[in-house]
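> just coords:
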């Protein structure tokens with residue numbers, strides 16, 4: 001019989017605010033770490049500065065599949081989506097359906113491979129581990145491609 005692993009803790013959650021997107025076809029992954037909470041402005045910046053530059057190719061549209069977080073559906077973003085309709089098609093998921101959100105598979109992979117049952121004495125060490133894991137995914141998308149097959 002194996003003893004339950006004992007992981008030290010500082011007694012507080014240390015969640016990080018990360019927006020991410022993944023291409024179903026090839027596992028290409030892009031993300032942004034931020035210090036502020038998600039809101040309409042930070043999500044809009046992510047779309048403009050990270051998502052479109054990473055995934056948009058001339059003559060092709062990006063299909064953005066996202067949940068119904070309030071900052072995704074804000075009227076300011078609706079207007080921006082319409083202005084980007086040549087490059088972007090927005091496909092909202094049904095309410096309360098994280099199982100349909102492919103980027104959730106990336107977060108699960110990250111927890112399993114990088115943070116589960118690990119103690120991080122500082123936020124910097126946690127972030128370094130997260131960023132290293134994300135860099136591995138970006139360099140080797142095959143690490144997560146199998147996780148994305150149910151969505152194809």
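Received it, and whenever you're ready, just let me know what you need. Keep in mind the model is a prediction, meaning the values are calculated, not measured.

> tell me which element the residue sitting nearest the centre point of the chain is part of?
Geometric centre of the chain, nearest residue: residue 20, 2.4 Å, by Cα atoms, centre = their mean. Element membership for residue 20, per DSSP states H and E: strand 17-22.

> pull the residues that contact that strand.
If you take Cβ atoms under 8 Å, 6 or more residues apart in numbering as the criterion, strand 17-22 is touched by 28-38, 42-43, 46, 50-51, 54-55, 64, 102-103, 105-107, 130, 144, 148. Quick note: C-beta positions are derived from backbone N, CA and C, even for glycine.

> can you list the buried residues in it?
For strand 17-22, a neighbour-count test (16 or more other Cβ atoms under 10 Å) marks 18-22 as buried.

> swap in stretch 27-35?
Buried, per 16+ other Cβ under 10 Å, within stretch 27-35: 27-32.

> how far is that stretch from where the chain is centred?
6 Å (Cα atoms, centre = their mean, to the nearest Å).

> assign the residue nearest to residue 98 when sequence neighbours are not counted to helix, strand or coil.
Take residue 98 and drop its neighbours on the chain: the residue closest to it by Cβ to Cβ, 6 or more residues apart in numbering is residue 104, 5.1 Å away. Look at residue 104: counting by DSSP: H, G, I helix; E, B strand; the rest coil, its state is helix.
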